[in-house]
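J.: I'd like to go over a predicted model; first the sequence, then the structure.
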Protein chains: 2
Amino acid sequence: MGAGEFDLIARIRARAGTRDDIVLGIGDDAALLAPPPGRHLVVTADTLNDGVHFPHGTLPADLGWKALAVNLSDLASMGAEPAWCTLSLSLPQGDTAWIDGFLDGFLALAREHGIVLVGGDTTRGPLSVSVTAMGFVDAGRALRRDGARVGDDVWVTGTLGDAAGALALLERDPVGVLRLRLDRPTPRVEAGRALVGIATACVDVSDGLLADLGHIVSRSGVAAQVDVGALPVSEALRASFDEATRLAMQAGGGDDYELCFTAPPEARAGIDAVSLQFGLRITRIGRIMTGEGVHPLDADGRTWSPPRRGYDHFAAL
Amino acid sequence: MGAGEFDLIARIRARAGTRDDIVLGIGDDAALLAPPPGRHLVVTADTLNDGVHFPHGTLPADLGWKALAVNLSDLASMGAEPAWCTLSLSLPQGDTAWIDGFLDGFLALAREHGIVLVGGDTTRGPLSVSVTAMGFVDAGRALRRDGARVGDDVWVTGTLGDAAGALALLERDPVGVLRLRLDRPTPRVEAGRALVGIATACVDVSDGLLADLGHIVSRSGVAAQVDVGALPVSEALRASFDEATRLAMQAGGGDDYELCFTAPPEARAGIDAVSLQFGLRITRIGRIMTGEGVHPLDADGRTWSPPRRGYDHFAAL
């Protein structure tokens, strides 16, 4: 089971695949890549640590999937086309079976989105996965956080709170259907790309809807109202929790990796078309106003108070 | 002392700096970058873990320096011009003083080489630093591992074994002069760029000279002889160890971050010029032959046996 770093890298290299724009992939001191002329390079990096970003004991294949998914989700929120990634993997021991399982999940998602692993390293240490993902977007067309305008609608893809629900159920229902949303989130890459030219601002929901929408309003210099009752809910989440609990999960739970975006009312038909094209629920949940901050409202138009705002991995310190 | 992730990111963002080719840096879901037309993008990723890649208790500023240095060294070995990097930092607690110290070291080296931090994340977890560095090289001009040819000389920059010596002295001489070579290695970025068009193959010495030269010969389909007595040695290393011990450190010790490269004999004058230009010792240590493997020879031309071949962070498992 114990394998050296070079053995692990050889296993990864043998399965990494390639693309026409990769001049030199894994196996040298660095990768050589040919970016497409005239497009912007989109770069994001995210780390998952054992027991912090995923439950201890998560299957290697699920962890491989999720480590790439959270980075693809950042590319999605910029409207980018995924291209290349690097992987830095710290493992308590050089376990080839573990690596093979990890690659099963990582590469299944990579193939789905045409992104290829071009480098990285494996090291000894507490279990931790760092991925840097790169993609392209036409110059001046990226979906940024700072483009929301007063009068825009606020939208969100998919359903919210499922990952938070799965975490809450971890002890008594560790293999429930919600667990899939925690372990194998779906990055909304195609939807993000289709929203280029439609959305005015976009963010992915990794820290919780209200917290992430907060990034849009602060960067855009506007405020947002959110109809908490309009937040999309899965049947599985509805069936598992009372209303107050699940609303808190929908508004504040992290790890959903849906896209929250803004767009002017004239774009509603275009957004419906994107929804139909990808069979992806896209729900209007609020509006952009003058002012600052995110203002969640209940069905009676009164301020709804979240028991917890977002999910900060340092907040418990 | 306890700070949230957003506070830490704000501290990093305030000091990150910028370049003309950064359209959007830290602060969105991803960075937007404008690669220069017609050049190749060079990408490398390396992680440092507490107690594995640096001694527990290393000063934050030294760790910041080293985390960037090991990645710049990979860019150097490709002959690349550094441009952008991402940083994923796992910390046991959100300690602002620690972050400020870390940034002091990281950014001092970044400024020296014109590389700018464009993204990443801070997370809670055992101390670990993952950096992905990006740079440029003219298409077709990168220094790769696979270009060594029979008859080439083998060269190495600087001196070897100093970091291994510092590690060996850690208990009884923790602040000796060799410690600087362990904590603040000098990536040979300018030398690497100057060797484009001169060197036929290049690798950086991170795992130990014989092991890293082994990558060149296996990728190039050749063999190498190395005159162990010719390996460059610092006065500090010579003064600290007996000859057999320090030769083993020079031949097999990791973490030196010098460049080992090959070049035809006609290039000797050009290499001397690079050495003079940068005031950097560059030593001829062997030659490329037909066959396979790396063959270290003693002063009598007999096979020299290293007590330890290279430094594999998984080897002790």
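T.: Okay, I see it. Numbering: from 1, shown residues only, chains lettered A, B, ... in the order given.

J.: all contacts plus neighbour counts: C-alpha atoms, from now on.
T.: Fine.

J.: just for chain A, where's the confidence low?
T.: A:1-3, A:6, A:306-317 (pLDDT under 70).

J.: where along it do the strands fall?
T.: Using DSSP state E, the strands of chain A run over A:22-24, A:31-33, A:39-49, A:81-91, A:116-124, A:128-138, A:153-157, A:201-204, A:223-227, A:259-263, A:282-289, A:293-297.

J.: List the contacts of the third one.
T.: Right, the one you point to is strand A:39-49. By CA atoms under 8 Å, 6 or more residues apart in numbering or on different chains, the residues outside strand A:39-49 that reach it are A:35, A:54, A:67, A:70-71, A:74-75, A:78, A:80, A:127-139, B:29-35, B:86-88, B:119-121, B:123-125.

J.: Also the first one?
T.: If you take CA under 8 Å, 6+ apart as the criterion, strand A:22-24 is touched by A:Ala31, A:Leu32, A:Leu33, A:Ala34, A:Val118.

J.: Just want the residue of the stretch 51-200 of chain A that's nearest chain B.
T.: The nearest approach of the stretch 51-200 of chain A to chain B comes at A:Gly120, 4.7 Å away (CA to the nearest CA).

J.: Would you agree that residue is in contact with A:Thr86?
T.: Yes. Judged on CA atoms under 8 Å, A:Gly120 makes contact with A:Thr86 at a distance of 5.0 Å.

J.: Looking at the two, which is more packed in?
T.: A count of neighbours by other CA atoms under 10 Å in any protein chain shown puts A:Gly120 above the other of A:Gly120 and A:Thr86, at 28 against 25.

J.: Which strand residues bridge that one?
T.: In this structure, A:Gly120 bridges to A:Leu87 when assessed by DSSP bridges.

J.: Do a quick rundown of the helices in chain A.
T.: Using DSSP state H, the helices of chain A run over A:5-15, A:60-77, A:96-113, A:162-168, A:177-183, A:189-194, A:209-220, A:235-240, A:243-252, A:268-278.

J.: who wins for proximity to B:Gly147 among those?
T.: Shortest distance between B:Gly147 and the helices of chain A, using CA to CA, is found for helix A:5-15: 20.1 Å.

J.: So what's the gap between that closest one and the chain middle?
T.: Helix A:5-15 sits 27 Å away from the centroid of its parent chain (CA atoms, centre = their mean, to the nearest Å).

J.: Tell me the buried residues in it?
T.: For helix A:5-15, the neighbour count (16 or more other CA atoms under 10 Å in any protein chain shown) marks A:Glu5, A:Phe6, A:Leu8, A:Ile9, A:Ile12, A:Arg13 as buried.

J.: Those: which ones sit near chain B?
T.: Residues of the buried residues of helix A:5-15 in contact with chain B (CA under 8 Å from any CA of the partner chain): A:Glu5.

J.: so which of the buried residues of helix A:5-15 would you say is closest to chain B?
T.: Nearest to chain B among those is A:Glu5, at 5.7 Å by CA to the nearest CA.

J.: Now do the phi/psi pair for the closest residue to A:Asp255 other than its chain neighbours.
T.: Closest residue to A:Asp255 apart from its sequence neighbours, by CA to CA, 6 or more residues apart in numbering or on different chains: A:Ser206 at 4.6 Å. According to degrees, to the nearest 10, the main-chain angles of A:Ser206 amount to phi -110, psi -30.

J.: how close does A:Ser206 sit to chain B?
T.: 10 Å (CA to the nearest CA, to the nearest Å).

J.: Test my guess that that residue contacts A:Leu259.
T.: No. Using CA under 8 Å, A:Ser206 is not in contact with A:Leu259, being 9.3 Å away.

J.: ok, what's across the strand from A:Ala263?
T.: A:Asp153.

J.: And it, how close does it get to chain B?
T.: 18 Å.

J.: contacting residues for that residue?
T.: Counting by CA under 8 Å, 6+ apart, A:Ala263 makes contact with A:Ala148, A:Asp152, A:Asp153, A:Val154, A:Trp155, A:Ile198, A:Ala199, A:Thr200, A:Ala201.

J.: swap the cut-off to 7 Å and go again
T.: When contacts are counted by CA atoms under 7 Å, 6 or more residues apart in numbering or on different chains, A:Ala263 touches A:Asp152, A:Asp153, A:Val154, A:Ile198, A:Ala199, A:Thr200.

J.: Just put those residues in JSON lines and tack on neighbour count.
T.: Formatted as JSON lines, the contacts of A:Ala263 follow (neighbours: other CA atoms under 10 Å in any protein chain shown):
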{"residue": "A:Asp152", "neighbour count": "22"}
{"residue": "A:Asp153", "neighbour count": "26"}
{"residue": "A:Val154", "neighbour count": "26"}
{"residue": "A:Ile198", "neighbour count": "20"}
{"residue": "A:Ala199", "neighbour count": "27"}
{"residue": "A:Thr200", "neighbour count": "21"}
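
J.: nearest to A:Ala61, of those residues?
T.: A:Ala199 (33.5 Å).
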